[in-house]
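In: show me how the following folds:
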Amino acid sequence: MILESLREKKFSHSSINETAKELGDLSRTIISENFRGIFFRYYCENNYDLEKAVQQLAESNEETIIEKVKTKGSTYLKNIEKDLTNYPEKSFEEIKIQFASKYKNLPQKYHTYLDRIIRKKL
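Out: Here you go, the predicted structure:
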């Protein structure tokens, strides 16, 4: 439902707030974190191919929509990569502890995808 609502709103700047209200006055964080998890899932399912994940997520040929989704997804990945540079010699288990805040609001069903991305980036 979240992804469909965001698609209907063409991933506009206000789409997170509008989706939160539309789905029963949910918090912005719930919508944002679910979208982040959905991105992680599509990214993994598309063999870590950003372009394919974005295309599948956007379900559109409109360049502006594709660019919005790509920018958001790229930001998620860059944040992980940036944080990983702080722990160059750590094991996955040690990094996962350090990344507790990245897991905190992310729905549990998406944790395995974040795990896979971290392992891939190590």
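In: alpha carbons of stretch 6-24, as CSV, please.
Out: Extracted C-alpha coordinates of stretch 6-24, given in CSV (Å, rounded to 0.1, in the frame of the first residue of the first chain):
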residue,chain,number,x,y,z
LEU,A,6,4.1,6.8,-3.3
ARG,A,7,3.8,5.8,-7.0
GLU,A,8,0.4,7.5,-7.4
LYS,A,9,2.0,10.7,-6.0
LYS,A,10,4.9,10.3,-8.4
PHE,A,11,7.4,10.2,-5.4
SER,A,12,6.8,14.0,-5.0
HIS,A,13,8.4,15.9,-2.2
SER,A,14,5.2,15.8,-0.2
SER,A,15,4.4,12.1,-1.0
ILE,A,16,5.7,10.8,2.3
ASN,A,17,3.5,13.2,4.3
GLU,A,18,0.5,12.6,2.1
THR,A,19,0.9,8.8,2.2
ALA,A,20,1.2,8.9,6.0
LYS,A,21,-2.1,10.9,6.3
GLU,A,22,-3.8,8.7,3.7
LEU,A,23,-3.0,5.5,5.5
GLY,A,24,-4.5,6.6,8.8
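In: which parts of it are buried?
Out: For stretch 6-24, burial by neighbour count (16 or more other C-beta atoms under 10 Å) applies to Leu6, Arg7, Lys9, Phe11, Ser15, Ile16, Glu18, Thr19, Ala20, Glu22. Every C-beta, even on glycine, is put in place using the N, C-alpha and C of the backbone.
In: could you do stretch 101-110 as well?
Out: By neighbour count with 16+ other C-beta under 10 Å, stretch 101-110 contains the buried residues Lys102, Leu106, Tyr110.
In: closest to Gln56 out of the residues you listed?
Out: Distance to Gln56 across the buried residues of stretch 101-110 (C-beta to C-beta) is lowest for Tyr110, with 15.8 Å.
In: excluding its backbone neighbours, what's nearest that closest one?
Out: In this structure, Tyr110 finds its nearest non-sequential neighbour in Gly37, 2.9 Å apart by C-beta to C-beta, 6 or more residues apart in numbering.
In: my read is that that neighbour contacts Gln108, right?
Out: No: between Gly37 and Gln108 there is no contact under C-beta atoms under 8 Å: 9.2 Å.
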